[in-house]
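[1] Just need the structure, nothing else, for what follows:
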Amino acid sequence: MAKLRVVYRCTACGASEPKWGGRCNACGEWNTLSEELEQPAGRTASGISLAPASAPTRIGDVSTLAAGPRSTGISELDRVLGGGLVPGSVSLVGGEPGVGKSTLLLQVLAAWSGRALYVSAEESAQQVRMRADRLDAVRDDLWLHAEMSLPRIIAALDDLAPELLVVDSIQTIADPDVASAPGTVVQVRECAHRLVQEAKRRGLAVVLVGHVTKEGGLAGPRVLEHVVDTVLTFEGDRHHALRLLRAVKHRYGPTDELGLFEMRETGLIGVPDASRLFLADRHAGIAGSIIVPTMEGHRPVLVELQALISDSNLPQPRRSAQGLDQGRLSMLLAVLERRAGLSLAKFDVFTSVVGGIRLSEPGADLAICLAVASARLDRPLPDGLVACGEIGLGGEIRQVGHTPRRLAEAARLGQRTVLCPPSAPSDVPGIAIRRVATLSEALDAAGLGRRG
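    Residues are numbered from 1 along each chain as shown. Alright, predicted model coming up:
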C-alpha cells in the first residue's frame, strides 16, 4: 500500500503547501492552512464517474422545459428562488447555528408534492422525528436516513428514487475512500462534486446545508460555492423572531429578492406584509426616529431608522451603525457638518435599523441625515413623514430607483408626506410629495432648520 503524504491545505481556496505557514501563498489568507493526508499519486476519489459523452448541439435546439422551477410549497422561499427548486439543481443553505435552517428545510420536505429524502448526518433519527412532530411534518412520502457515508447515501438514492434530497450537513458527510477526516477541504470538495453529478444525472433537486465560520462566511473550500447552482443565506438573531432569507448566487433567477419568516413554536411562518411587521411597535414623536421606504429586490419595505446623539468625552467620539454601512455613515456625518452646518465633532453618534434588517442601498441616505439631525437638535420629525434619496458629497439629493413603488407602499401604510429629490416622478395617490434639491432644503422642510 502506498504511503499517504501529509500536506497543509488552505480552507479558503483549497491550495496545498508542503509545510505549514501562517499565510496561504495562493490566496493570501492568514491562518487557513490545516493538516491533511493526501491521496497517493495516481489514485482518484472513489465513485467519481464521468457523465455520458454528448455531441455539440445548436443552442436553439436545446429544450428549456426541464429547467422550470417547481414550487416548494413555501411562498417566501419560492419568492427568493424565483418560483421554486429546479430539477437537477443543487442549492447550498448557510446560516448561524440555531437560526432555523433544519426547521425550514424540514417544512420544505413536508410541503413537497412527491417523494423526498432527508439525510441527517448531525442529528439522530429520533431527534428529527421529534422536530417533525412539532412541525406537523410527518407524511408517507418523506423518508429519513441518518447516515454520514456518501456511498450509503448514493445507495439510498438508487433504492428510493426521490425527487428532492436534503443533506444536513455537507461538512459531516464523508467518503471512506478519501483519505481525510469529515469536514476537511478534500472531503467537502469531493462529496459536493459527487452529489452535484448525481443531481444532474438523475434530475434530482438537492439542497445542502453548510456550516458558517465565525466571520459569517460559508465554511469549507471556496469551490463549494462555485460548484452549486444556488447559495442561500439564512440570517436572524436568535433573540428575535424575524428571519431573513437571501440568495447570494442563483443561476436560475434573480439574487436581489428577500424572504421574511417569523419563528414560532410551530415552525417558520412566512411574513407577506413585512412593512407592517417592522412598524408594529413604533412610537411616534421621538426625536431621531424616521421611516425609510427601502427596496429589497422587487419588494418595497418600510423600516424604522433611529439615531441617538450623546455628549462624548473621548478624543475620538464613537460612531455606531447597526444595520448600516459604517463607512457610509461617516461620510453622511461629514456632509451634515460641512454642507448643513450641524456640529457633530464632540458627540457620540449611534444609529440603528429596527427589526434586524440591513440597509445597504444609498436610498436611505436622506433618512439617515434627517434622523441624526433630529436627534442632535432634539426635535421630533413630523408624524407621517418619510424620506428617500441619495446624498452626494456636495449635499445634493439624487434620485433612487423604484421611487413610485416606494411611495405607494408608504401611502398604503398611512404615511402622509415624503421628502424626495426634484427628479422624482409625478404624484403618487395618497401621499404628498415635497421635492428638495439639497440637504439644507430637506432639513428646513422637515422643521430642522437652524434657529437663531
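[2] When you work out contacts or count neighbours from here on, use the C-alpha atoms and nothing else.
    Noted.
[3] Mind listing what's buried along the longest helix along the chain?
    The longest helix of the chain (DSSP state H) is helix 185-202. For helix 185-202, a neighbour-count test (16 or more other Cα atoms under 10 Å) marks 185-200 as buried.
[4] again with stretch 351-359
    Across stretch 351-359, burial judged by 16+ other Cα under 10 Å covers Thr351, Ser352, Val353, Val354, Gly355, Gly356, Ile357, Leu359.
[5] From Leu324, how far out is the first one?
    What that stands for is Thr351. 8 Å (Cα to Cα, to the nearest Å).
[6] Could you do the fifth one as well?
    Counting by Cα to Cα, the gap from Gly355 to Leu324 is 13 Å.
[7] try Pro362
    Where Leu324 is concerned, Pro362 sits at a distance of 10 Å (Cα to Cα).
[8] May I ask you to name the longest strand in this protein?
    For the chain, the strand with the greatest residue count under DSSP state E is strand 299-311.
[9] List the contacts of it.
    With contacts defined as Cα atoms under 8 Å, 6 or more residues apart in numbering, strand 299-311 is touched by 257-258, 274-276, 278-279, 282, 288-295, 346-355, 367-368, 371-372, 375-376, 405-406, 409-410.
[10] my guess is Asp168 meets Ala121, correct?
    Yes - with contacts counted by Cα atoms under 8 Å, Asp168 reaches Ala121, the gap being 5.8 Å.
[11] Please identify which of the two sits among more neighbours.
    Asp168 (26 against 20; other Cα atoms under 10 Å).
[12] Run through the bridge partners of the more buried one.
    Counting by DSSP bridges, Asp168 is bridged to Ser120, Val209.
[13] so what strands line up beside the longest strand of the chain?
    strand 289-296 (antiparallel), strand 347-353 (antiparallel).
[14] Next, format these as CSV and append mean pLDDT and distance to Gln306.
    Putting these into CSV (pLDDT from 0 to 100; distance: least, Cα to Cα, whole Å) gives the following:
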stretch, mean pLDDT, distance to Gln306
strand 289-296, 93, 5
strand 347-353, 96, 5
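[15] Quick one: closest of these to Glu17.
    strand 289-296 (42.6 Å; Cα to Cα).
[16] Give me the contact list for that closest one.
    Strand 289-296 has contacts (Cα under 8 Å, 6+ apart) with 256-258, 300-307, 359, 361, 363-364, 367, 370-371, 374-375, 380-381, 385-388, 402, 406-407, 409-410.
[17] ok, back up a step: got CSV for the strands paired with strand 299-311, with distance to Cys24 too?
    Output for the strands paired with strand 299-311, formatted as CSV (distance: least, Cα to Cα, whole Å):
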stretch, distance to Cys24
strand 289-296, 37
strand 347-353, 37
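[18] hey, which of the ones you listed is tucked in deepest?
    strand 289-296 (a mean of 25; mean count of other Cα atoms under 10 Å).
[19] And the buried residues of stretch 351-359, which is closest to Leu204?
    Ile357 (33.6 Å).
[20] wait, the closest one sits on Leu324?
    No - Ile357 is beyond contact range of Leu324, at 9.2 Å (criterion: Cα under 8 Å).
[21] so what sits against both of these two?
    Counting by Cα under 8 Å, 6+ apart, Ile357 and Leu324 have no common neighbour.
[22] re the thing from before, any quick ChimeraX command for the buried ones out of the contacts of strand 289-296?
    Remark: buried members of those, expressed as a ChimeraX selection using 16+ other Cα under 10 Å:
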select :256,257,258,300,301,302,303,304,305,306,307,359,363,364,367,370,371,374,375,380,381,385,386,387,388,406,407,409,410
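[23] Which ones among the contacts of strand 289-296 lie within strands?
    Those of these lying in strands (DSSP E): Leu258, Pro300, Val301, Leu302, Val303, Glu304, Leu305, Gln306, Ala307, Leu385, Val386, Ala387.
[24] Make TSV from the residues you listed and add pLDDT to it.
    Converted to TSV, those look like this (pLDDT from 0 to 100):
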residue	pLDDT
Leu258	86
Pro300	91
Val301	92
Leu302	95
Val303	94
Glu304	96
Leu305	96
Gln306	96
Ala307	97
Leu385	95
Val386	96
Ala387	96
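[25] Quick check: of those, which lies closest to Thr417?
    Nearest member of the ones in strands among the contacts of strand 289-296 to Thr417, counting by Cα to Cα, is Leu385, at 4.9 Å.
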